[in-house]
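S.K.: Sequence and predicted structure below; questions after.
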Amino acid sequence: MAQRIFSFILLTFLVGCGTSGSLHHKPITKGYDSIAPKVQKISAERFISGNNFLLKNKQQLWELYVEGDPLQIGLETGALEDSLLKKQEKVFFSKIEEIVPSKGKQKLLRKILTWYNRKLYLNVPEEYKTEIYGLSRYTSHDYDFIAERYLRTLYLHGAHDIGHAMQDLMLVGCSSFAAWGEKSADGKLILGRNFDFYAGDDFAKDKVVAFVKPDKGNKFMMVTWAGMIGAVSGMNDKGLTVTINAGKSKIPLIAKTPISILTREILQYASTIDEAIAIAKKRQVFVSEAIMVGSAKDGKAALIEVSPKNFGVYEVPNSADQLLCSNHFQSETYKDDKRNNETIKNSHSKYRFDKLTEEFDQNRRINPEIAASILRDTKALEGGLPLGYGNEKALNQLLAHHGVIFQPSDLKVWVSASPYQLGEFVCYDLNQVFGKMHDGKLVETLASLKFDIPKDPFVDSEAFKKYEQYRVEDRKMDEFLDKKSGMTEDFAKNYQSLNPDLWIVHYKVGQYYFETEEYTKAKPNFEAALTKEITTLPAKEHAQEYLKKINRKLK
């Protein structure tokens, strides 16, 4: 499923990178310091350039510190991330020839859809285009046949939004929460979130925890990846946090402001919820997204719910002391929104929202350790069917790029190390990070190690080993389905034994037998799938439809 969506993103990106009005746009570089950074390589995992540096800590998280004007930040980031940048590009673009092997078809598609990104540059603030330009100077020339480096890097900031916009298959299933007052262990605001954005295992291997000190606006941190200047999870030095949860969107017909660029602007220039709302109202977006904003100054969190044609803000009464979010909107603005109501009915969003509610009911006061346990929870609702591992109805779908926990008043943030959000949650104190005088000296780590949250014991369990093996076998299963040949009964039995409570292992085997016209073998597998907790209503209906067809054929 994830591979199909990722392929769509790449294809859309490919065909959107043709000649357009944006080719004539040049970002502003005049007036900025454009001196090329001189990077000193201390080791394969430690790089320094003046006060800026990139290092990998013992938990295998890359820690990036950069400062300066937009062009300096872009150049320094690109120079320090050089090898990581090229690696991430290869991860994305190595799939293109697989998806569209014909050069002629690639050219035709580019001509047909050249308009797609033609106005993206009009919807990205100039300083971020300048930063992207500086960063792009260190990307590879290997993919210039798609688009020149600046445009390619600019367009990649919209790939995240395209993933969110898939109508039938969701690339993401993010869950987030906030607690304060009586629901928080110390009465102060605490937030947690899982970023369940999946673009392949290789993509998630090199997480970057970036600390940015721009010459204008707030200093801030964000959890990201090489080549990404937008914010999906972050906190600034005023104690304002942003995280994003996808809503249901149509596949957009034209690119506008990428959500991650909007949230980056909020991080850099807002210190209260009202200031964040004012910034969000200025921008036109091309997908639907819930932006959870936490504010130390306000002592609470709120949701800014944006879409191409609507705008809403959702706040709970102060007495509630908690805010929960999955992938549907909650504000009055979207009460009668057809697409949002279909999401609540048909997707796994409502189930995860109910699971968050259950967790908050069972945990009277939330602290960082409890927040981590919620983010790591793979279990079903109490009294419900077992989910199996990797079910999208779980808060922990075992595919997250990262989990993160914020304590805005103390300027502390915990970032999960691999795998998924099961590794240690590594603590960073923004007071320490931005209070240090680097003076060109490479520090050992920016983490505040004494506050780390230990890894989840599940990582060392037999069940986790079986889950990881299941993922390997699941890719093989997809190949058998594509070819409609190759699967043996022994493979099917082993495949299902690795994750027996997960509905999809029974569904896919049934699907294979249906496609190969072995209907008597297909039937019990679809029947087994229907005894499990199926992710979405449409998926359940598909299984039921398969059974109807099989029963007709067996008459």
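M.R.: All right, it came through fine.

S.K.: Verify the stated contact: Ala280 with Phe311.
M.R.: Yes - contact criterion CB atoms under 8 Å: Ala280 and Phe311 qualify, at 7.4 Å. (Each C-beta comes from the backbone N, C-alpha and C, glycine too.)

S.K.: neighbour count winner among these two?
M.R.: The neighbour comparison of Ala280 against Phe311 (other CB atoms under 10 Å) goes to Ala280, with 24 against 15.

S.K.: secondary structure class for that one?
M.R.: Assigned by DSSP: H, G, I helix; E, B strand; the rest coil, the conformation of Ala280 is helix.

S.K.: Just give the nearest non-adjacent residue to it, would you?
M.R.: Among residues not flanking Ala280 along the chain, Ile304 sits closest, at 4.9 Å (CB to CB, 6 or more residues apart in numbering).

S.K.: Met477 too?
M.R.: Lys508 (5.2 Å).

S.K.: for the residue nearest to Ala280, what are its contacts?
M.R.: Taking CB atoms under 8 Å, 6 or more residues apart in numbering, we find Ile304 in contact with Ala276, Ile277, Ala280, Ala290, Ile291, Val293, Phe311, Gly312, Val313.

S.K.: So which of the residues you listed are in helices?
M.R.: Among these, the ones falling in helices (DSSP state H) are Ala276, Ile277, Ala280.

S.K.: Using TSV, lay out these together with distance to Glu63 and pLDDT.
M.R.: Formatted as TSV, those follow (distance: CB to CB, whole Å; pLDDT from 0 to 100):
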residue	distance to Glu63	pLDDT
Ala276	26	98
Ile277	31	98
Ala280	29	97
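
S.K.: Which member of the residues you listed is positioned nearest Glu369?
M.R.: Nearest to Glu369 among the ones in helices among the contacts of Ile304, counting by CB to CB, is Ala276 at 28.2 Å.

S.K.: Please tell me I have it right and the closest one contacts Gln268.
M.R.: No - between Ala276 and Gln268 there is no contact under CB under 8 Å: 11.1 Å.

S.K.: hang on, the earlier thing: between the contacts of Ile304, which sits nearest Lys412?
M.R.: Val293 (17.7 Å).

S.K.: Now do the contacts for that closest one.
M.R.: By CB under 8 Å, 6+ apart, the neighbours of Val293 are Leu240, Thr241, Val242, Ile266, Ala270, Ile273, Ala276, Ala301, Ala302, Leu303, Ile304.

S.K.: Name whatever forms a beta bridge with it.
M.R.: Using DSSP bridges, the beta-bridge partners of Val293 come out as Val242, Ala302.

S.K.: Check the gap between Leu85 and Pro258 for me.
M.R.: 18 Å (CB to CB, to the nearest Å).

S.K.: Have a look at the two and say which one is more surrounded.
M.R.: Pro258 (27 against 22).

S.K.: Pull the contacting residues for that one.
M.R.: Leu120, Val124, His157, Gly158, His160, Asp161, Gly230, Val285, Phe286.

S.K.: ok, and the most crowded of those residues?
M.R.: Counting neighbours by other CB under 10 Å, Gly158 comes out on top of the contacts of Pro258 with 29 neighbours.

S.K.: circling back: of the contacts of Pro258, which is the nearest to Asn340?
M.R.: Among the contacts of Pro258, Val285 lies closest to Asn340 (CB to CB), at 15.2 Å.

S.K.: quick one: the closest one from Leu323, how far?
M.R.: Distance of Val285 to Leu323, computed by CB to CB: 21 Å.

S.K.: One more: Lys238?
M.R.: Counting by CB to CB, the gap from Lys238 to Leu323 is 19 Å.

S.K.: The two - which one has more neighbours?
M.R.: Leu323 (25 against 20).

S.K.: does the more buried one have beta-bridge partners, and which?
M.R.: The partner residues for Leu323, given DSSP bridges, come to Ala178.

S.K.: pLDDT value on it, please?
M.R.: We have a pLDDT of 97 for Leu323.

S.K.: contacting residues for it?
M.R.: Shown in contact with Leu323 (CB under 8 Å, 6+ apart): Phe177, Ala178, Ala179, Met292, Lys300, Ala301, Ala302, Leu303, Glu315, Val316.

S.K.: Out of the residues you listed, the closest to Gly388 would be?
M.R.: Using CB to CB, Phe177 comes nearest to Gly388 of those, at 23.6 Å.
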